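1. The amino acid sequence is not available; the structure is as follows:
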């Protein structure tokens, strides 16, 4: 099964990635360029921003499941538009 994970380098997302790999799934992860080094070996990496709808659509095409570990790093109002947009794009 091919699983796409958003928020793959945070606490929740990294746990999703680890468990999916241990279960033998193919894992693809969306990551900011600065966070790519924290991803596990064997993970297909998509470096990109969450506001690029066309890139996200290409990335999730063919996936059996799309999971999100996205969350705000800070509990501030400026995080809301990014997270809402990212959730909408991944649907």
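-> Everything's here; your move. Source: prediction; values computed, not measured.
2. where do the strands sit along this structure?
-> 2-6, 26-31, 43-47, 65-68 (DSSP state E).
3. Okay, angle between the third one and strand 2-6 too, please.
-> Orientation of strand 43-47 against strand 2-6 (axes from the mean of the first three to the mean of the last three Cα atoms, to 10 degrees) gives an angle of 40 degrees.
4. Give me the buried stretch members for strand 43-47, please.
-> Buried positions in strand 43-47, judged by neighbour count with 16 or more other Cβ atoms under 10 Å: 43, 46. For the C-beta atoms, the positions are set from N, CA and C on the backbone; glycine is no exception.
5. Provide the strand pairings for that strand, with the direction of each partner.
-> Within its sheet, and counting by DSSP bridges, strand 43-47 is paired with strand 26-31 (parallel).
6. Which residues belonging to the strand it pairs with are considered buried?
-> For strand 26-31, the neighbour count (16+ other Cβ under 10 Å) marks 27-31 as buried.
7. which stretch in the strands of the chain is the model least sure about?
-> Mean pLDDT values for the strands of the chain show the minimum at strand 43-47, a mean of 82.
8. returning to what we had before: a markdown table for the strands of the chain, including distance to residue 14?
-> Shown next, in a markdown table, are the strands of the chain (distance: least, Cβ to Cβ, whole Å):
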| stretch | distance to residue 14 |
| --- | --- |
| strand 2-6 | 9 |
| strand 26-31 | 9 |
| strand 43-47 | 10 |
| strand 65-68 | 12 |
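9. Of all those strands, which one comes closest to residue 12?
-> strand 65-68 (8.6 Å; Cβ to Cβ).
10. That closest one pairs with which strands, and in what direction?
-> strand 2-6 (parallel).
11. Perfect, I'm done here.
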